[in-house]
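Novice: Quick one, what's the 3D model for this:
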Amino acid sequence: MDRSRARLNLEHLKKQAKELIRLYRRQAPEAYARFRHALPAAAGRSDADIAALDLRLHDAQSCVARDLGFASWPDLRRYIEAQLPPGKSKDDRVRRWLQLVYAADVDGTTDRANPRVAVRMLAEDPALATDDPYLACAIGDEETIRRTATSDPTWVNRPGGPLKLPPLVAVTHSSLLQIPEFQPRLHRCARLLLQAGADPDQHIGSRWPPGSLDAPDDGNPLSALYGAAGRNHDLELTRLLLEAGANPNDNESLYHSLEGFVTTGVLLAHGPRIAGTNAMYKVLDDENVAALELLLQHGGDPNEPARNAPLTDCGSPLMWAIRRRRSRNCIATLLDAGADPHVTTPGGLSAYRYALQFGLTEVAGLLRERNGAETLADDERFVAACSSGDEREARRIQASRPDLPGALSPQQLRLLPELAAAGGDDAVRLMVELGWPITVRGGDWDASALNHAVFRGNAALTRFLLERGAEWTEQHGFGDNASGSLSWASCNEPVSGGDWVGCAHALLDHGMPRAVPDRDDPEWVLLAGRKKLFSDEVRDILLGETP
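Specialist: Prediction:
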């Protein structure tokens, strides 16, 4: 297959993928052979086994991309989008390439870094990073950096280049640190810069909107350490900067290190401030007891007050852990470290009652052991039964209290979308069957249960809610409806394995209108008069163009 840049046309490649999936559905041997050659899931399998995989368009797209030497269809797409028409200047090409090398808060766009595509473009056009020492920092060109630092010693602390970056920031924020062949080169360049007198605390202001490249947000500084520890999660580079005197209290590195947990330990060993960074809350967003224990061992306060919404709706790490439906082990770790078991939400709800609201019966049992039993009202027992999926108990209570769930408080009713956001499908189904108001909004982005189900790519729950009266027009806190949730989630895939195609089918089956092409921009469609972008597979479903 011709891999020439000039011959890569996204629309043509989309048609290739659609034709491949059509052949597959017709049980064509050539389709099986191509999947067997290019798709890891089909490698070494028989035709019958490949047929049983029930492959879909995104698998065909992956096959097309791999045939062209890309790791994925999104990589291929990003590569094509990064190409400029013939005749554009080198400055234009460099600026587009840098959008692949650096994250949006550095380059001033809304795009994510993509180091794999950046490396491919550099291999095809090595002149991209020549003649500019700041670009040498992005790729780890040690010779150019040494020569520049020798001829101009002040350069090592002077911002410059297309992105106006200090040299050390340019190195530590480069996403090429995630590419094995570039990582040691970038490490050597960081050492060279530090030895030449670079300030280990070099930083820039964020260029993420409302900041920009020309008017950075200096109220949100991004340090060189943050690039190493929080962006690239590079342990060796993080250690190098800290040993050179970098200040770990940059208000970003510790918090974001928890996303990978690779650099958290070395940061904590250098005594950063934990209080005020929200790290004690961030660590509870996932089930990571080891990271929680590490924070607590280094002075993390298990009773640190929350300082911003939605954390303040809970008031303490213990309550946030309950809202995030953390395990009994995680809650016990907080309590053993001194978390106040008598803490309440701002509305006065005890930790025990709060745990029952979220269906955490084991956690509630632990808190009962610590605090003693509490007498629950009928409405609280009803909520607890629903949240834990105990249909028999919930119906028994409802039989004696037929005003439930209608008599529940607004805060209790918000549990329906909260549990939909947390993946508590059984509880959501039971609540709806027992008459819970289906359009109630809640969760971190103030959305209905339907919006949360669509966001998660939970096609079964999406269809269930629609069959019980949910409407695709239900709004969420970002000013859109379920079609907007589908748009963002299908493009960004926030949950691994989400079925946004299934969600699209369910929404169309229950009243959402089909999309029409946007004549001014073929990548976008118009849905109910609003311009929106969807993944290729979902877009085809909405346009009625399913292969």
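Novice: Would you mind giving both backbone torsions of Ser72?
Specialist: Main-chain torsions, Ser72, degrees, to the nearest 10: phi -160, psi 160.
Novice: Find the residue closest to it in space, skipping its chain neighbours.
Specialist: Ala65 (5.7 Å; C-beta to C-beta, 6 or more residues apart in numbering). Quick note: C-beta positions are derived from backbone N, CA and C, even for glycine.
Novice: Contacts only, for that neighbour.
Specialist: 71-73, 75-76 (C-beta atoms under 8 Å, 6 or more residues apart in numbering).
Novice: Keep only those of those that are in helices.
Specialist: Counted as lying in helices by DSSP state H, out of the contacts of Ala65, are 73, 75-76.
Novice: Dump those residues into JSON lines; add pLDDT and neighbour count as well.
Specialist: Output for these, formatted as JSON lines (pLDDT from 0 to 100; neighbours: other C-beta atoms under 10 Å):
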{"residue": "Trp73", "pLDDT": "93", "neighbour count": "24"}
{"residue": "Asp75", "pLDDT": "94", "neighbour count": "18"}
{"residue": "Leu76", "pLDDT": "95", "neighbour count": "24"}
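Novice: okay if I get those as TSV plus distance to Asn247?
Specialist: Output for the ones in helices among the contacts of Ala65, formatted as TSV (distance: C-beta to C-beta, whole Å):
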residue	distance to Asn247
Trp73	42
Asp75	36
Leu76	41
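Novice: How about residues contacting the strand or helix carrying Ala31?
Specialist: Assigned by DSSP states H and E, Ala31 falls within helix 29-38. Residues outside helix 29-38 that contact it (C-beta under 8 Å, 6+ apart) are 20-21, 23-24, 42-45, 47, 50-51, 55, 59, 62-63, 66-67.
Novice: Now Leu450. Nearest residue, chain neighbours left out?
Specialist: Excluding the flanking residues, the one nearest Leu450 by C-beta to C-beta, 6+ apart is Ala470, at 4.2 Å.
Novice: wait, the one you found sits on His452?
Specialist: No - if you go by C-beta atoms under 8 Å, Ala470 and His452 don't touch, sitting 11.0 Å apart.
Novice: So between those two, which is more surrounded?
Specialist: Taking other C-beta atoms under 10 Å, Ala470 and His452 do not tie; His452 has more neighbours (30 against 24).
Novice: contacting residues for the more buried one?
Specialist: 417, 420-421, 443.
Novice: quick one: low-confidence parts of the stretch 1-150 of the chain?
Specialist: 1-7 (pLDDT under 70).
Novice: Tell me where this structure has strands.
Specialist: Listed in chain order, the strands of the chain (DSSP state E) span 203-206, 217-223, 441-442, 447-448, 516-517, 525-527, 530-532.
Novice: and the longest helix along the chain, which residues are buried?
Specialist: Counting residues, the longest helix found in the chain (DSSP H) is helix 10-25. If you call a residue buried by 16 or more other C-beta atoms under 10 Å, then helix 10-25 has these buried ones: 10, 13-14, 16-18, 20-21, 23-24.
Novice: Please apply the same query to stretch 127-140.
Specialist: Quick answer for stretch 127-140 (16+ other C-beta under 10 Å): 128-129, 132-140.
Novice: and what of stretch 304-324?
Specialist: 304, 306, 311, 313-324.
Novice: Likewise for stretch 146-159?
Specialist: Neighbour count says stretch 146-159 has 146, 148-149, 155-156 buried, by 16+ other C-beta under 10 Å.
Novice: Let's see which of the residues you listed end up in helices.
Specialist: Among the buried residues of stretch 146-159, the ones falling in helices (DSSP H) are 146, 148-149.
Novice: wait, which of those residues is closest to Leu296?
Specialist: Distance ranking of those against Leu296, using C-beta to C-beta, places Ala149 first at 42.4 Å.
Novice: What separation is there between the closest one and Asp199?
Specialist: 13 Å (C-beta to C-beta, to the nearest Å).
Novice: dump the residue contacts of the residue of the chain most remote from its centre.
Specialist: In the chain, the greatest distance from the average C-alpha position (C-alpha atoms, centre = their mean) is reached by Ser400, at 44.4 Å. With contact taken as C-beta under 8 Å, 6+ apart, Ser400 is in contact with Asp378.
Novice: switch to 6 Å and redo it
Specialist: With C-beta atoms under 6 Å, 6 or more residues apart in numbering as the criterion, no residue contacts Ser400.
Novice: ok, it to Asp379 distance?
Specialist: 12 Å.
Novice: try Lys14
Specialist: Lys14 is 53 Å from Asp379, by C-beta to C-beta.
Novice: do the same with Arg463
Specialist: Arg463 is 30 Å from Asp379, by C-beta to C-beta.
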